[in-house]
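Sequence and predicted structure are below.
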Amino acid sequence: MCERWLWRRIRVAESDGYPSRMVRKVLKRVRQKQIPWSRCLLDVPPGGVVVDVGCANGSPQRFSRVRSDIRYLGTDLEGNSAAINLPAGFHVSLFPPESYLGDLATAVGSERADLIVVKHVLEHLADPNAMVRVCASLLSPGGVLYLSFPSTRSLTLPSAVGTLNFHDDPTHVAVPSVEAIRGTLVAEGLQITLCRDPYRPVVFRPIGFLLLHAQRMRRILTGSPLRASALLWAGVGFESMLVAKRPLQS
């Protein structure tokens, strides 16, 4: 509740709550840190190809709120609801797990992607580097690959509804190795432009501390469980992030 209220206040202030252009600019930068992949999405040229690997849980709708002028391809496993209520012009393909990587490459085809977003997928795979290699091969010159997954810090965080401790999700296999993924990216010819292990911006640390301890106090008083959120994740360093770019061809 308090997280939603905070970000609602920031959005109102950013749009018309302050006459100062500088204040609005600062507030916009703070808000975008809640969804760091949006910074990559904003750099995609109009009509650019964006591939969203693991697009369940309303991901197409979140992408469309940032950019609606892209060619969006979401992919996920058969049997989920990712293809329901899609924004206009957005497409989703669902693949069986045994052929997911091959089907992903076929779906993108020879056109290649300007941006590939892989949010919290690698920790569900026995071989996360295989996914990284396939995604790297699908980038166009100048294309960007965004990766996020639980950090080793998540192994020591308290349990919460929505996953705050790595073991809260029984489908997690292992915490991906940041160094191994960095090595794979470099081997595939990509330049690493961002690596945060964990991703824990200074601006969010006091907020995360207050949210976590407020929820702990509420649990003591009412028995309510802890609940994870994107803001709490950023405040306590739940996830690691990497961004890599394929160099432009000379």
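Ah, there it is. These figures come from a predicted structure and were not determined experimentally.

Tell me which strands the longest strand anywhere in the chain pairs with, and in which orientation.
Across the chain, the longest stretch assigned as strand under DSSP state E is strand 139-150. Strand 139-150 has the following sheet partners, assigned by DSSP bridges: strand 113-119 (parallel), strand 239-245 (antiparallel).

Kindly present the ones you listed as JSON lines, with separate columns for distance to residue 98, mean neighbour count and mean pLDDT.
No exception for glycine: its C-beta is placed from N, CA and C like everyone else's. Converted to JSON lines, the strands paired with strand 139-150 look like this (distance: least, CB to CB, whole Å; neighbours: other CB atoms under 10 Å; pLDDT from 0 to 100):
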{"stretch": "strand 113-119", "distance to residue 98": "19", "mean neighbour count": "23", "mean pLDDT": "97"}
{"stretch": "strand 239-245", "distance to residue 98": "27", "mean neighbour count": "23", "mean pLDDT": "97"}
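
picking up where we left off before, after the longest strand of the chain comes which helix or strand?
Next helix or strand after strand 139-150 toward the C-terminus (DSSP states H and E): helix 178-187.

List the contacts of that next one.
122, 128-129, 132-133, 136, 145, 147, 151, 192, 195, 197, 240, 242, 244 (CB atoms under 8 Å, 6 or more residues apart in numbering).

check contacts around the residue nearest in space to the middle of the chain.
Centroid-nearest residue in the chain, with CA atoms, centre = their mean: residue 119, separated by 3.9 Å. By CB under 8 Å, 6+ apart, the contact set of residue 119 is 37, 53, 54, 59, 146, 148.

so what's it bridging to?
Beta-bridge partners of residue 119, counted by DSSP bridges, are residue 148.

Mind checking which of the contacts of helix 178-187 are buried?
The neighbour-count test (16 or more other CB atoms under 10 Å) marks 122, 128-129, 132, 136, 145, 147, 151, 195, 197, 240, 242, 244 as buried among the contacts of helix 178-187.

got CSV for those residues, with distance to residue 73 too?
As requested, the buried ones among the contacts of helix 178-187 are exported to CSV (distance: CB to CB, whole Å):
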residue, distance to residue 73
122, 19
128, 21
129, 22
132, 18
136, 17
145, 15
147, 17
151, 28
195, 26
197, 28
240, 25
242, 21
244, 19
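
right, and out of these, which lies closest to residue 169?
residue 122 (13.0 Å; CB to CB).

Now do the buried residues in the lengthiest helix in the chain.
For the chain, the longest helix by residue count, based on DSSP state H, is helix 205-222. Buried residues in helix 205-222, counted by 16+ other CB under 10 Å: 207, 208, 211, 212, 215.

next one: stretch 137-149
Applying a neighbour-count criterion of 16+ other CB under 10 Å, one finds 138, 139, 140, 143, 144, 145, 146, 147, 148, 149 buried in stretch 137-149.

And the first one, how far from residue 62?
Spelled out, it's residue 138. Applying CB to CB, to the nearest Å, the value for residue 138 to residue 62 is 21 Å.

Over to the fourth one?
For residue 143, the distance to residue 62 (CB to CB) stands at 21 Å.

Where does residue 232 fall, secondary structure wise?
Per DSSP H and E, residue 232 falls inside helix 230-236.
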